[in-house]
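Asks: Quick one: sequence plus predicted model below, questions after.
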Amino acid sequence: MVHGSSVLRALIVLFGLGTVVISLLGPTAASSSRTSADSDTVQRWRSPTALWLAADGTLFAAGSKSGAVSVIDTENRELIAEVSLGKSLVALAATPDGRTLIACDAAADEVLLIDRNGRHVRIRERVPVPTKPVDVIVDGDGRNCFVTSLWSRRVTRVDLSTAKVAASIDLDFDPRECILLPDGQTLVVVDAFGGKLALIDTRSNQLIRRVEIPGHNMRGLALSPDGKDLLVTHMIVTESAATTRDNVFWGIAMTSNMRVIPIAALSDAGKNPVREAHTHFFGDPGNAAGDPDALAVLPDGTTLICLAGVGEVAIGRYYPYGFRRVSVGQRPTALVVDEKQKFAYVANAHSDSITVVDIERRSAAATISLGPGPVLSQVEEGERLFHDAKLSLDGWFSCHSCHTDGHSNGQRADTFGDGSYGAPKNVLTLLGTADTEPWAWNGSKKQLEDQVRESLRMTMQPKVPPGEGTVAALTAYMRSLASAPIADWQRRDAVAIERGERIFNARGCASCHAPPLYSNFHVYDVGLDDGEGGNRQFNPPSLRGLAHRATYFHDGRAKSLEAVFRVHQHRLRTALSDDDLSDLIAFLKSL
């Protein structure tokens, strides 16, 4: 028990029950579609991260690594077909009649409109959307879907009848999960990294309200049975609690949570949703619950939460509180429940399988393999380890918990990374980290392997010291992480960006942040003392991807780029005019 304190047009034709699958990309190019028989022999990493269950019991799983949809017979609990549709399918939804599936292809920057006839599917349209679509939801009448695009910081409304983008809403944070409130017209979109939420009126395509909760890694959204509350899974890092063994063991350094927020408090600008919400904590000393992810709430209040970091699903009631945990596969990140609320189907992203969970018995009833996996490369093994909370003491958190998807949760943490406790530092992004030597805020690590080894030992506080194979795999994965792509909104004003670059060079910014990496290999005293740690010299972080960071300087004291120069006068001998500051910021955000 857990107690308080988760294009080219494509024509796909399936014959019979998936015994033959043909896929044509364009007039001549063939793709690598699979039949059920083929799936018994073809080795590849599918990484199912999204599910949709049809009324006839057919389950569809979207593969973020394979770009394929796996078709599963839940009655016989077997894979019946695997259809290659895109590059990286990370979200899956359907119209109310179930005749059209909608998938986000994060690698192709497209939304796929897929015609479904029973177990048979074929692509109808590929709709271009802003950079990296990551979630999709369909409105109640099935006329529109809403798509969140991560790096573009945009929500788009796609008209499903015309297969075109009908409207766009810009946000000031990187969005991921979304959900429609019971009124059917208010869309809630949450931050992919930090704790921001936005409420959007889908009729006027206008932002209603933006709020922030204490937390990060918001991965699961659901409504209470009475429609009065929004349930959100997330994590909380305690910046005042250093990652000592005691603080990790007792669940003080970082916690896994489910927050229940009254929708009335979210919608009313005069109310504080944080004060009116209540928060549940998952995990106990000796039995933690890192990285809560997707969740589902049944009509009787039974709640299921994926605990992605430890390979479990928690089942119970959020009120009165009490959960039992069921072991599933590696990194469960999606689940759906059948119409009778008897079984839940859980997608295990790092096991390439579906676990069938008996809800009443609180136990795993079966496992459905999606096909044989490949021999993992060192980078792929590192990716799995990066998301594995079992690398930490009792499973409290993973590397992903702070460096969300390789980026940053935008929080401060006191991790001994600079050789001292008492001075929490901003969590640095790992995107593009291969080019940013030396590592740690004070530049004390000359090899990335040394930084990884130290983080595993002093931040994760494992029971057994990590082996060199683990260090090598994690390092290889981190070296593979590219910088965040530059989205269109970052390059909107080319003239201002050009002027800003001239100011950047004229003011000597390039002496520390030298292009093309916009960093260098030295440390500098920039007039900022870190307090208890006593450090004054810092390695300048790369400015690439600066637009996607929440706060600035080693301790996050600047809450905006404007504050870096206006409030803290960072390296300025003379103040910048308003126009010059605007141009400089336009340039910095374009990197």
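Replies: Great, that's in hand.
Asks: E501 - nearest residue in space that isn't next to it in sequence?
Replies: Once flanking residues are discounted, E501 sits nearest to F587: 4.9 Å by CB to CB, 6 or more residues apart in numbering. C-beta: built from backbone N, CA, C; applies to glycine.
Asks: Correction: the previous question concerned S444.
Replies: Nearest non-adjacent residue to S444 (CB to CB, 6+ apart): G419, at 6.4 Å.
Asks: same question, I179
Replies: L221 (4.3 Å).
Asks: What is the subsequent helix or strand relative to whichever strand or helix holds the one you found?
Replies: Per DSSP states H and E, L221 falls inside strand 216-223. Downstream of strand 216-223, the first helix or strand assigned by DSSP H and E is strand 229-237.
Asks: Tell me the helices and strands packed up against that next one.
Replies: The contact analysis (3 or more CB pairs under 8 Å, 6 or more residues apart in numbering; DSSP states H and E) places strand 229-237 against strand 216-223, strand 254-262, helix 263-267, strand 292-297, helix 399-402.
Asks: I'd like the ones you listed as JSON lines, with distance to K559 appended.
Replies: Converted to JSON lines, the helices and strands packed on strand 229-237 look like this (distance: least, CB to CB, whole Å):
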{"stretch": "strand 216-223", "distance to K559": "16"}
{"stretch": "strand 254-262", "distance to K559": "22"}
{"stretch": "helix 263-267", "distance to K559": "23"}
{"stretch": "strand 292-297", "distance to K559": "27"}
{"stretch": "helix 399-402", "distance to K559": "19"}
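Asks: now those as a markdown table including mean pLDDT?
Replies: Formatted as a markdown table, these follow (pLDDT from 0 to 100):
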| stretch | mean pLDDT |
| --- | --- |
| strand 216-223 | 97 |
| strand 254-262 | 96 |
| helix 263-267 | 95 |
| strand 292-297 | 97 |
| helix 399-402 | 97 |
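Asks: Export the ones you listed as a markdown table, with columns for mean neighbour count.
Replies: Formatted as a markdown table, those follow (neighbours: other CB atoms under 10 Å):
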| stretch | mean neighbour count |
| --- | --- |
| strand 216-223 | 24 |
| strand 254-262 | 23 |
| helix 263-267 | 18 |
| strand 292-297 | 24 |
| helix 399-402 | 24 |
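Asks: Among the ones you listed, which comes closest to T58?
Replies: T58 lies closest to strand 292-297 among those, at 18.5 Å (CB to CB).
Asks: The closest one pairs with which strands?
Replies: strand 302-307 (antiparallel) (DSSP bridges).
Asks: number of nearby residues for the residue nearest to K196 when sequence neighbours are not counted?
Replies: Closest residue in space to K196, ignoring its immediate chain neighbours: F173 at 4.5 Å, by CB to CB, 6+ apart. Number of residues near F173 (other CB atoms under 10 Å) recorded here: 21.
Asks: again with R77
Replies: 16.
Asks: now the helices for the chain?
Replies: Counting by DSSP state H, the chain has helices at residues 36-39, 245-249, 263-267, 273-276, 378-386, 399-402, 448-458, 468-479, 494-506, 561-566, 578-589.
Asks: out of those, nearest to A93?
Replies: Distance to A93, taken as CB to CB, is lowest for helix 263-267 among these, at 21.3 Å.
Asks: Work out the gap between the closest one and the centre of the chain.
Replies: Its chain's C-alpha centre and that of helix 263-267 lie 24 Å apart, by CA atoms, centre = their mean, to the nearest Å.
Asks: just the strands in the stretch 401-550 of the chain please.
Replies: Using DSSP state E, counting those that start in this stretch, the strands of the stretch 401-550 of the chain run over 412-413, 425-426, 524-525, 537-538.
Asks: pLDDT on the first one, on average?
Replies: The one in question is strand 412-413. Here strand 412-413 scores 89 as its mean pLDDT.
Asks: Neighbouring strands - and their directions - for that strand?
Replies: Strand 412-413 has these strand partners (DSSP bridges): strand 425-426 (antiparallel).
Asks: Show me the contact partners of the partner strand.
Replies: Contacts to strand 425-426, defined as CB atoms under 8 Å, 6 or more residues apart in numbering, come from residues 408, 411-415, 417-418, 441, 530, 551-556.
Asks: Report the contact partners of the residue lying closest to S369 once chain neighbours are set aside.
Replies: Spatial nearest neighbour of S369, excluding adjacent residues (CB to CB, 6+ apart): S353 at 5.3 Å. By CB under 8 Å, 6+ apart, S353 lies in contact with G329, T367, I368, S369, L370.
Asks: so how far is R46 from S353?
Replies: With the distance defined as CB to CB, to the nearest Å, S353 ends up 9 Å from R46.
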